[in-house]
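Engineer: Sequence and computational prediction follow.
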Amino acid sequence: MMEKRNTVLIPGILSIFILISVQVFIIRSVWKQKDEMFALRYTMRSQEALSFINRRIHTDGFDTVRLLLEDYSEKVINDLQTIKDPEKLTGKKREVLDYFKGVITSEEDLSELLSAYFVKRGFDNNFKSRVVIQDLAMIRNDTIIICKNGSFMNQQSSADAGGVSSSEISKSSVLVTRSILEDNNYRFLFDYYIDFSDKRRLILKETSASLGLSIFSIIVVVILFIITYKNLKEEKRLSELKTDFINNMTHELKTPLSTITVAGRTLEVEEIRKRDDKILETAKMIGKQSVHLNQLINMMLDISMWERSQFQLERKPVEFNELMNDIVDSFKAGAGHNASINKNFDFKGVRADIDILYFTTLINNLLSNAVKYSDEVPLINIDGFIRDNHINIMVTDNGIGICKSDQKHIFDKFYRASTGNIHKFKGLGLGLYYVKKIAEAHGGAVSVESKPGKGSTFTVSIPY
Ligand code: ADP
């Protein structure tokens with residue numbers, strides 16, 4: 001059983017795991033692609049914007065910067081040329097670089113122009129600009145290099161990053177332009193990038209459909225798997241119940257059959273045939289066992305008929321109090337002769353349309369279970385009353401009781417609380433199934449309350 005379950009469970013879980021991995025892989029690829037597409041799109045849009053700005057406004061967005069740097073470089077170049085002390089020179093160079101850096105980041109107009117262009121074209125303009133200084137040199141008679149290929153130049157060390165650290169530029173930053181500003185005193189080369197802070201959100205929006213579909217398909221597969229697995233378990237349980245039923249039924253059929261066989265053999269004996277009383281006794285036994293056999297076979301036929309079609313009730317109006325008294329009294333006289341049964345009916349003269357035959361079977365099944373599932377002298381209370389336009393019948397016993405986990409299943413076909421073939425209490429697991437079917441056919445329901453060792457109460461409720 002366990003092994004069979006694993007042969008379904010392990011491949012199932014494995015397939016779900018593979019499905020999730022594939023989906024994750026696909027989503028990651030789609031994300032990467034969208035990310036690259038995003039950068040590419042904005043590179044193209046920036047190029048468009050640059051040429052538009054150039055054509056229409058005749059600027060590259062660095063005019064203010066140019067003016068300020070021209071002024072500054074004019075003043076600073078003399079200082080740089082006259083300083084002989086290398087340390088002081090390095091300090092001065094750093095000062096110059098900082099000034100350039102400050103001016104280019106705070107005084108550029110390109111960001112504003114780009115943003116205006118993007119808004120006009122309906123593109124996202126929620127970006128941050130960044131400048132990475134590549135080269136900076138002051139030029140008079142000779143060239144004083146301050147920054148080369150993004151590194152600050154001095155005598156002590158050449159490994160210090162100049163400008164804005166290039167590590168701040170992420171892979172998905174968009175390079176808008178590489179610009180050179182120069183005049184007689186300086187040559188300044190830098191890269192201008194833009195970065196979209198809510199790029200993730202935008203890509204998420206674009207990928208949401210495929211992302212949603214992936215998550216949805218995973219959820220559907222998991223749910224389907226759980227349903228299939230549950231169905232499989234249920235099938236297994238039912239097939240076990242059926243096997244139990246067949247074993248029990250065979251046993252039940254064999255008992256009267258073997259009695260009849262023995263009775264037949266008895267009649268073959270000459271001495272027996274000479275005695276009328278013995279013949280009568282044997283004939284009675286054969287008759288009784290045949291009736292029992294007939295009942296068993298009818299029961300089997302009934303189930304298969306119920307399976308195929310809906311219950312056909314033959315309803316008749318009956319005085320309920322009278323009917324219940326009749327049923328209980330004849331039970332007391334027969335199967336319930338050694339039980340103590342207390343009736344307590346209060347049906348207020350109600351007449352109801354019910355199928356008397358089926359209803360009698362229902363009550364008899366409840367009463368015979370109350371007698372059967374008891375270790376002591378059965379003490380049974382049967383109460384009947386009217387509540388909310390319903391006829392309620394409660395059968396309470398002092399029997400062995402039913403544990404919680406069994407209570408869920410006792411009304412199932414073939415279910416017996418302790419499964420297996422060897423039972424202390426004989427039965428086929430059909431009594432309560434009948435009870436439920438009959439109650440439902442009358443538009444009602446049946447429920448159970450029970451504690452192991454404390455007895456059980458079955459309540460049938462039928463509308464009238
Ligand atoms: P059967 O009696 O043939 O086994 P039923 O459908 O009548 O089949 O009952 C199903 C199971 O419910 C029984 O096997 C028994 O374990 C449990 N059961 C039914 N009635 C009682 C009761 N009054 N007290 C304790 N257990 C009960």
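Structural biologist: Yes, it's here. Being a predicted model, the structure only gives us computed values, none of them experimental.
Engineer: Enumerate every residue touching L50.
Structural biologist: Applying C-beta atoms under 8 Å, 6 or more residues apart in numbering, we find L50 in contact with D60, V176, T177. Backbone N, C-alpha and C define where each C-beta goes, glycine included.
Engineer: mind checking which helix or strand it is in?
Structural biologist: helix 2-57 (DSSP states H and E).
Engineer: The following helix or strand past that helix vs helix 2-57, what angle?
Structural biologist: Heading C-terminal from helix 2-57, the first helix or strand you meet, by DSSP H and E, is helix 63-82. Angle, helix 63-82 to helix 2-57, by axes from the mean of the first three to the mean of the last three C-alpha atoms, to 10 degrees: 90 degrees.
Engineer: if you average pLDDT over the biggest helix by length in the chain, what comes out?
Structural biologist: Longest helix of the chain, by residue count under DSSP state H: helix 199-268. In this model, helix 199-268 has a mean pLDDT of 88.
Engineer: Can you give the distance of that helix from its chain's centre?
Structural biologist: Helix 199-268 sits 19 Å away from the centroid of its parent chain (C-alpha atoms, centre = their mean, to the nearest Å).
Engineer: Equivalent analysis for stretch 346-363, please.
Structural biologist: 45 Å.
Engineer: Pull out the buried positions in it.
Structural biologist: Neighbour-count burial for stretch 346-363, with 16 or more other C-beta atoms under 10 Å as criterion, is recorded at F347, V350, A352, I354, D355, Y358, F359, T360, T361, L362, I363.
Engineer: Farthest-apart pair in those, please.
Structural biologist: V350 and T361 (20.6 Å; C-beta to C-beta).
Engineer: Which pLDDT value goes with F127?
Structural biologist: Listed pLDDT for F127 reads 90.
Engineer: What of the one 10 residues further on?
Structural biologist: For A137, the model assigns a pLDDT of 92.
Engineer: Can you get me the start-to-end distance on stretch 339-350?
Structural biologist: 28 Å (C-alpha to C-alpha, to the nearest Å).
Engineer: Count the neighbours of the residue in the stretch 151-300 of the chain positioned nearest to the ligand for me.
Structural biologist: Nearest residue of the stretch 151-300 of the chain to the ligand: N248, at 7.8 Å (C-beta to the nearest ligand atom). By other C-beta atoms under 10 Å, 20 other residues sit near N248.
Engineer: do you know how far it is from I77?
Structural biologist: As judged by C-beta to C-beta, to the nearest Å, N248 and I77 stand 110 Å apart.
Engineer: Residue for residue, what is the longest strand this structure has?
Structural biologist: Longest strand of the chain, by residue count under DSSP state E: strand 127-139.
Engineer: Pull up the pairing partners for that strand, direction included.
Structural biologist: Paired with strand 127-139 in the same sheet, following DSSP bridges, are strand 143-148 (antiparallel), strand 186-196 (antiparallel).
Engineer: looking at these, which has the lowest confidence?
Structural biologist: Here the lowest mean pLDDT among the strands paired with strand 127-139 goes to strand 143-148, at a mean of 88.
Engineer: pull the CA atoms of it into PDB?
Structural biologist: What follows is strand 143-148, C-alpha atoms only, in PDB (Å, rounded to 0.1, in the frame of the first residue of the first chain):
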ATOM      1  CA  THR A 143      49.500  69.300 -21.300                       C
ATOM      2  CA  ILE A 144      48.700  68.600 -17.600                       C
ATOM      3  CA  ILE A 145      46.800  65.400 -17.400                       C
ATOM      4  CA  ILE A 146      44.400  65.300 -14.400                       C
ATOM      5  CA  CYS A 147      42.400  62.200 -15.300                       C
ATOM      6  CA  LYS A 148      42.900  59.500 -17.900                       C
END
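Engineer: got the buried residues for it?
Structural biologist: Across strand 143-148, burial judged by 16+ other C-beta under 10 Å covers I144, I146, C147.
Engineer: Neighbours of D198, how many?
Structural biologist: 12.
Engineer: what separates it from E319, distance-wise?
Structural biologist: D198 is 80 Å from E319, by C-beta to C-beta.
Engineer: Contact partners for K230?
Structural biologist: K230 sits next to no residue when contact means C-beta under 8 Å, 6+ apart.
Engineer: Same check on V318?
Structural biologist: Neighbouring residues of V318 by C-beta under 8 Å, 6+ apart: R351, A352, D353, I354, I356.
Engineer: Narrow the residues you listed to those in helices?
Structural biologist: I356.
Engineer: next SSE after the helix or strand bottoming out on mean pLDDT in the chain?
Structural biologist: Within the chain, judged by mean pLDDT, DSSP states H and E, the helix or strand with the poorest mean is strand 151-152; its value is a mean of 82. Tracing the chain past strand 151-152, the next element assigned as helix or strand by DSSP H and E is strand 174-182.
Engineer: how about the CA coordinates for that following strand, as PDB?
Structural biologist: Extracted in PDB, the C-alpha atoms of strand 174-182 (Å, rounded to 0.1, in the frame of the first residue of the first chain):
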ATOM      1  CA  VAL A 174      21.800  53.600 -20.700                       C
ATOM      2  CA  LEU A 175      24.700  55.400 -22.200                       C
ATOM      3  CA  VAL A 176      23.200  58.500 -23.800                       C
ATOM      4  CA  THR A 177      26.300  60.300 -25.000                       C
ATOM      5  CA  ARG A 178      30.100  60.400 -24.800                       C
ATOM      6  CA  SER A 179      30.900  64.100 -24.900                       C
ATOM      7  CA  ILE A 180      34.000  66.200 -25.300                       C
ATOM      8  CA  LEU A 181      34.100  69.700 -24.000                       C
ATOM      9  CA  GLU A 182      37.200  71.700 -24.900                       C
END
